[in-house]
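Engineer: 3D, please:
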Amino acid sequence: PHSNYRTADGRWLTIACTNDRMFERLAKAMGRSDVLEDERFVTNAARIAHRPQVNMLVGDWVATTPTDEVLASCEAAAVPVGLVQTVDEYLGHPQVVARDSVVTVEHPTVGPVSVPGVVPRLTETPGFIRTLGAVLGEVSVDEIVERWSALGERGGRPNWDADRGEAT
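Structural biologist: Predicted coordinates for the structure are as follows:
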C-alpha cells in the first residue's frame, strides 16, 4: 500500500508501505495478521499485482479509525505515515515559516502575492526573489528577444544589475 486514505474523522493520511517487513508491521498494527497468510499479500510483487485489494484492506481500516490512532499505530510500527495538510496547516507549519518556504512579494498592480520561496535555502547565500516579473505591456517582445540573445552571448549567465534587480 502506497496511497492516501481518508480516516474516520474525515482527515486524509498518506501511508507508504514499500517492502515485506513493513507490510507485516502494518498488518499487525491494523490487527490483521491473518492477511499475512493470504497469497495476494505475501510478497511485495503479489501486493502490487493486487493493488486494489491491498488499498481496500488498508482503506477499510483507516476509514473506521480516527486520525490520531492511525498515526500512532503506524508510527509505533515504524510504517511511514503522514497527515495530508490543508493549505492553512502547511502555511502555518513552523518549518515552512522558519525556512521562508512561502514568501510575500509586492506586485505593482495586484499588491502582495504569496509565492514559493527560494529552494534550497542556504545559510550563507539564502537568495531572494527580486521581482515577480514584468507587468503586462511593460516589456516588448523585441526587448525579451534581445535579453535572451544577450544571455546566449554570455554563455547563458545573466548579468544582474544591482540597482534594478533585473537581468540585463
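Engineer: what stretches of this protein score poorly on pLDDT?
Structural biologist: 154-168 (pLDDT under 70).
Engineer: any idea how it splits into domains?
Structural biologist: According to automatic domain parsing, the chain is divided into the following domains: 2-84, 86-133, 134-168.
Engineer: Pick the most buried one from those domains.
Structural biologist: domain 2-84 (a mean of 16; mean count of other CB atoms under 10 Å). From N, CA and C alone the C-beta is placed, and that goes for glycine too.
Engineer: surely Glu39 meets Ala46?
Structural biologist: Yes - judged on CB atoms under 8 Å, Glu39 makes contact with Ala46 at a distance of 6.5 Å.
Engineer: Next, the contact list for the residue located most distally from the centre of the chain, please.
Structural biologist: What lies farthest from the middle of the chain is Asp142; by CA atoms, centre = their mean that is 37.9 Å. Contact analysis of Asp142 by CB atoms under 8 Å, 6 or more residues apart in numbering lists nothing.
Engineer: would you say it is within a helix?
Structural biologist: Yes - counting by DSSP: H, G, I helix; E, B strand; the rest coil, Asp142 is found in a helix.
Engineer: got the contact list for stretch 24-38?
Structural biologist: 1, 15, 17, 41-42, 57-58, 61, 73-74, 76-79.
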